[in-house]
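Q: have a look at this fold, sequence not included:
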Ligand SMILES: CCC/C=C/C(=O)SCCNC(=O)CCNC(=O)[C@H](O)C(C)(C)COP(=O)([O-])OP(=O)([O-])OC[C@H]1O[C@@H](n2cnc3c(N)ncnc32)[C@H](O)[C@@H]1OP(=O)([O-])[O-]
């Protein structure tokens, strides 16, 4: 797990070998301890170089080991032994040096990095802190403000930035190990005292208290209840104010609290879930590893509204040539300007040239004749989309993949309107499409595995968390959102206010409560869908019967607001009021409170006191319950798929792992009991009726989430 070679006659070269990222497993740590010992005791060895195999230095501690009993030599004494060595030790950093990997490099006396390497202490993103001395050494090396920034955000820096910050001593474009060996030879015999970072004092910082107070305030605000970023600030504060040994003790104490926390488990689950969704599979048996994506060179986007523009930018930024089609001339000109602006701003941020000439604009759908893939992003109207698909089928070369960007329409129905339904998949982007991380790739029963593989690979290239899901109303994300929003409406009828509901959800960790989110996305969107479903009725009626529609409880509150022209932020009024249309700061609206009072009076409803616990249980358990239905229907392949969708696209707090992970943490029996309780109180609300999968899982002993897959399969096979 760590290979030892003598090179250039007097340099001990230690190579970490643990594919794919040379994580510091027990065997690797043992290998390092043994090989360092060997190098130091060999009188022929004048200096030592540590590198990693396959172009990657080290991806940090082995996260898989965290859930089990840790064995093997601990990291901290291993790194101390390197730092206190009497021969220079040089880290040769290629690829990544992350977490424990960078902490190992900080224990070395020198660091040489390849220009393409990335370095960072991302432990905070896993609910931890850099507890192998990283929180104590980095501030000593680069100063408190820069260390706070890196440690509390977990961001990765480029080799160039690492050089500028003083994390590395040299950057090379050539063979890093050769450069490190040469460097190691040049420093052999030099005094190592000044190179031992733990012996440095932390660079002086004026107004240390004010700095920490300011950072702590910012971190608390952005952490949304996550505890690791706060512990990271406390650990760096210890580095700035205490001698090294005491700082290490504080680092250890803080880590002890984090290591066993539910938040760390949730965040580490998210890390693996994001990778697991790439290993997609379809009910037909088609899978990621047996389905080959088609090569893509040229793509097209049809319809350049808000979504089409974002999709065009996302495609161009992956390096594809894009034909952007919009039939209305004025709209096309506006879109061209907007897309160019987005590409220029994106390029500036990333320090590259804007890909303006990758996009060709056209008013004519014939221009897409030779593309490999089309993403249709016209208005959400099945008749219009069908017409576009028929035109595309006539125009495009054989084999072109036809993707529809839709959030609600039936992908199978569209596919059935084309001569080659196997080439059709849904790509549900989220606005703004070039920014939002989530992509639902929607397959129908006839979508070919190759079409799904191609869309999934394209999503990955666009930097998106791409999740393959089956076709159903709302797919996964919006289908689960429906009962969540409906419960929020019912709570208003029963006595809650938008402020109370939103506060409960935001304290839980959501980026935005349900009502602030609805105001942002526009209340008219849901109104249009409900009208289409025949649910909207004249507002004059009153009494219980008007609140039962299509055989189930219905709240017309959202419709009534829309009738008043209150569409949310864009009209300056919605569930809240705003200074002007388009303004973002939501303020409580006395009009809304008297409107709710009048509504309750009209319908004979008596307001009661509703607490945060009830808000969370009703909104979240209704959403989770729908998640179980989705798993039972085979629309999502596993709980990870649902959780990645909710964490990446719906503002679910990452430190709570996603709705299904949360249900697992709360306890399936408890979720079932609370759903049964609320269902008894509200028998006319079908989404509170516990899913049969949830019941079956509880009956089979509530297996842990990583075993649900097996349980679902077994339960299905018993049917
Ligand atoms: C005292 C403790 C203090 C220290 C704490 C730490 O160090 S905490 C750690 C701090 N370090 C981090 O947070 C770094 C986490 N890692 C990364 O950010 C990225 O993996 C990368 C940038 C290293 C490579 O990106 P890329 O796109 O080239 O590749 P990819 O991302 O697709 O991964 C490939 C495979 O490797 C797997 N795997 C990866 N890392 C680890 C690990 N540490 N462990 C175990 N496994 C790991 C990953 O699951 C996947 O497995 P699969 O699905 O194929 O079975």
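A: Yes, it's here. Bear in mind that the values here come from a model prediction, so they are computed numbers and not experimental data. Residues are numbered from 1 along each chain as shown.

Q: stretch 213-229 near the ligand at all?
A: No: applying CB under 6 Å from any ligand atom, one finds stretch 213-229 separated from the ligand by no less than 11.2 Å. C-betas here are computed from N, CA, C, even on glycine.

Q: which other residues reach that stretch?
A: Contact partners of stretch 213-229, identified using CB atoms under 8 Å, 6 or more residues apart in numbering, comprise 123-124, 126-129, 148, 152, 230, 232-233, 257-258, 261, 263-264, 267, 506-511, 653-655.

Q: where do the helices sit along the stretch 101-250 of the chain?
A: Along the stretch 101-250 of the chain, the stretches classed as helices by DSSP state H, counting those that start in this stretch are 134-142, 144-153, 159-165, 176-187, 208-223, 228-241, 244-259.

Q: quick check: mean pLDDT of the third one?
A: In this model, helix 159-165 has an average pLDDT of 98.

Q: just stretch 253-262 next, same as before
A: For stretch 253-262, mean pLDDT is 96.

Q: circling back: in ChimeraX, select just the buried ones from the contacts of stretch 213-229.
A: Remark: buried members of the contacts of stretch 213-229, expressed as a ChimeraX selection using 16 or more other CB atoms under 10 Å:
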select :123,124,126,127,128,129,148,152,230,232,233,258,261,263,264,267,506,508,509,510,653,654,655
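
Q: within reach of the ligand, which of the contacts of stretch 213-229 are there?
A: Among these, the residues within reach of the ligand (CB under 6 Å from any ligand atom) are 123, 126, 128.

Q: so how far is residue 470 from the residue most central in space within the chain?
A: The geometric centre of the chain, computed from its C-alpha atoms, lies nearest to residue 648 (CA atoms, centre = their mean), at 3.8 Å. Remark: distance between residue 648 and residue 470 (CB to CB, to the nearest Å) = 19 Å.

Q: neighbours of residue 217, how many?
A: Neighbour count for residue 217, taken as other CB atoms under 10 Å: 10.

Q: per-residue confidence at it?
A: In this model, residue 217 is scored at 97, pLDDT.

Q: just residue 543 next, same as before
A: Per-residue pLDDT puts residue 543 at 64.

Q: check which helices and strands whatever helix or strand the residue nearest to the centre of the chain lives in is in contact with.
A: In the assignment (DSSP states H and E), residue 648 maps to helix 639-649. Contacts defined by 3 or more CB pairs under 8 Å, 6 or more residues apart in numbering; DSSP states H and E place helix 639-649 against helix 262-276, strand 438-443, strand 465-470, helix 477-494, helix 612-633, helix 659-666.

Q: after the first one comes which helix or strand?
A: Secondary structure here is assigned by DSSP H and E; on that basis, the next helix or strand after helix 262-276 toward the C-terminus is strand 298-302.

Q: returning to what we had before: and the ones next to the ligand among the contacts of stretch 213-229 as a markdown table, adding pLDDT?
A: Formatted as a markdown table, these follow (pLDDT from 0 to 100):
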| residue | pLDDT |
| --- | --- |
| 123 | 98 |
| 126 | 98 |
| 128 | 98 |
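
Q: hey, which of the helices of the stretch 101-250 of the chain is tucked in deepest?
A: Burial of the helices of the stretch 101-250 of the chain is given as mean neighbour count (mean count of other CB atoms under 10 Å); helix 134-142 ranks first at a mean of 26.

Q: show me what that helix packs onto, helices and strands only.
A: Here helix 134-142 touches helix 100-107, helix 144-153, helix 228-241, helix 244-259, going by 3+ CB pairs under 8 Å, 6+ apart.

Q: buried set for the first one?
A: Going back to what we said before, that points to helix 100-107. Across helix 100-107, burial judged by 16+ other CB under 10 Å covers 100, 101, 102, 103, 104, 105, 106, 107.

Q: so which residue of the stretch 451-600 of the chain comes closest to the ligand?
A: At 9.6 Å from the ligand, residue 460 is the closest residue in the stretch 451-600 of the chain, using CB to the nearest ligand atom.

Q: so that residue is in which element?
A: Per DSSP H and E, residue 460 falls inside helix 449-461.

Q: elements contacting that helix?
A: Here helix 449-461 touches strand 401-404, strand 424-429, strand 438-443, strand 465-470, going by 3+ CB pairs under 8 Å, 6+ apart.

Q: now those strands in JSON lines, with mean pLDDT?
A: As requested, those are arranged in JSON lines below (pLDDT from 0 to 100):
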{"stretch": "strand 401-404", "mean pLDDT": "96"}
{"stretch": "strand 424-429", "mean pLDDT": "96"}
{"stretch": "strand 438-443", "mean pLDDT": "97"}
{"stretch": "strand 465-470", "mean pLDDT": "97"}
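
Q: any chance of the ones you listed in JSON lines, plus distance to the ligand and mean neighbour count?
A: Formatted as JSON lines, the helices and strands packed on helix 449-461 follow (distance: least, CB to the nearest ligand atom, whole Å; neighbours: other CB atoms under 10 Å):
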{"stretch": "strand 401-404", "distance to the ligand": "25", "mean neighbour count": "26"}
{"stretch": "strand 424-429", "distance to the ligand": "22", "mean neighbour count": "26"}
{"stretch": "strand 438-443", "distance to the ligand": "17", "mean neighbour count": "26"}
{"stretch": "strand 465-470", "distance to the ligand": "12", "mean neighbour count": "25"}
